[in-house]
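Novice: next one to model:
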Amino acid sequence: MTGFRIEKHGEVLEIVLDRPTANAIDSATSRALNHVLADFNVDPHFRAAIITAEGRFFCAGGDLKEMDAAQNNVDYGPNGFAGLTHFKGLTKPVIAAVNGLCIGGGFELVLACDLVVASENARFMLSEAKIGNVPYLASVERLLKKVPFNVGMEMLYTAREMSAAELQAYGLVNSVVPRDFLRSATRQIAKRIVASGPISIAALKRAATAIEGLTEFARSDEGEQPLTEVFASVMLSEDAKEGARAFVEKRTPKWQGR
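Specialist: Numbers count the residues shown, from 1 in each chain. Model (predicted):
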């Protein structure tokens, strides 16, 4: 499987990102994850999923070399980045087990999960603005619902790095455990979910998805350019292309403001 492997633990599906050296997700990996999570959603055997990773990184986000080559016009699949950020029809819980550095799109993937378990060494950062890009609008909404507004905006504006303990204090991370116990601790939570009624879990997941959609940022005032268009225009801007190019070339970006 491209960029990841699948493990099955009873009724729990475990997806292990494994794309050295930083588990950056390219379009092929993302589309493959779209298929895996879509199949998981309709497979009656599986009741919950865990997403974790090998190595020092949980996920460094999108593959910037690919983004540079494609001028930021990358197709990550119908359900969004890593098959999860825009999966509105998902009816089963997904738990993130964050083992290390969680950057950009990697953090957006975590924000799309229902629960987050992190190792003590895990670090989180939304780095998009530093390369002239922006997170998905849905990810901004999720972040600002889970941490205080000013903390979230600092993370978005400055790419401030946060520890697992800091984000647990704000309520974004459910629990922080020693790295060696991360997967076993996460599987224990998944087993407790599996012990609950499947119809109940599906209804709760559906309700949570509906509530998440009722956000101020998802709406725009009459006559204003929809926020989705504003964010899309940034993704395709000259600055976004320059940011990805500068990262690949290991130099400081030369912003044009367009």
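
Novice: how far away is the closest residue in space to residue 45 that isn't next to it in sequence from residue 198?
Specialist: Nearest non-adjacent residue to residue 45, counting by C-beta to C-beta, 6 or more residues apart in numbering: residue 11, 6.4 Å away. C-betas here are computed from N, CA, C, even on glycine. In this view, residue 11 and residue 198 are 9 Å apart by C-beta to C-beta, to the nearest Å.

Novice: who's more crowded, those two?
Specialist: Using other C-beta atoms under 10 Å as the criterion, residue 11 and residue 198 rank with residue 11 on top: 17 against 14.

Novice: which ones are touching that one?
Specialist: 45, 46, 47, 48, 194 (C-beta atoms under 8 Å, 6 or more residues apart in numbering).

Novice: how about residue 155?
Specialist: 125, 126, 143, 147, 162.

Novice: which stretch of helix or strand covers residue 117?
Specialist: Here residue 117, judged by DSSP states H and E, is contained in strand 115-119.

Novice: what average pLDDT does the following helix or strand past that strand get?
Specialist: Remark: after strand 115-119, the chain's next helix or strand is strand 123-125, criterion DSSP H and E. In this model, strand 123-125 carries a mean pLDDT of 98.

Novice: strand 123-125 pairs with which strands?
Specialist: Paired neighbours of strand 123-125 in the sheet (DSSP bridges): strand 101-103 (parallel), strand 162-163 (antiparallel).

Novice: give the rounded mean pLDDT of the last one.
Specialist: Strand 162-163 comes out with an average pLDDT of 98.

Novice: next helix or strand past it?
Specialist: Defined by DSSP H and E, the subsequent element after strand 162-163 is helix 164-170.

Novice: where does pLDDT dip in the stretch 101-250 of the chain?
Specialist: Along the stretch 101-250 of the chain, the parts satisfying pLDDT under 70 run over 214-228, 230-231.

Novice: give me that answer again for 80
Specialist: 211-235 (pLDDT under 80).

Novice: show me what contacts residue 29?
Specialist: Residue 29 touches 2, 3, 4, 19, 82, counting by C-beta under 8 Å, 6+ apart.

Novice: for residue 80, see how far away it is.
Specialist: 13 Å.

Novice: picking up where we left off before, the strands paired with strand 123-125: which one's closest to residue 111?
Specialist: Taking C-beta to C-beta, strand 101-103 is the member of those nearest to residue 111, at 10.0 Å.

Novice: and for the helix or strand following the closest one, what are the contacting residues?
Specialist: Where DSSP H and E defines the elements, the next helix or strand beyond strand 101-103 is helix 105-111. Here helix 105-111 makes contact (C-beta under 8 Å, 6+ apart) with 23, 25, 51, 57-62, 81-82, 84-85, 96, 98, 102, 116, 124-126, 135-136, 139, 142-143, 146.
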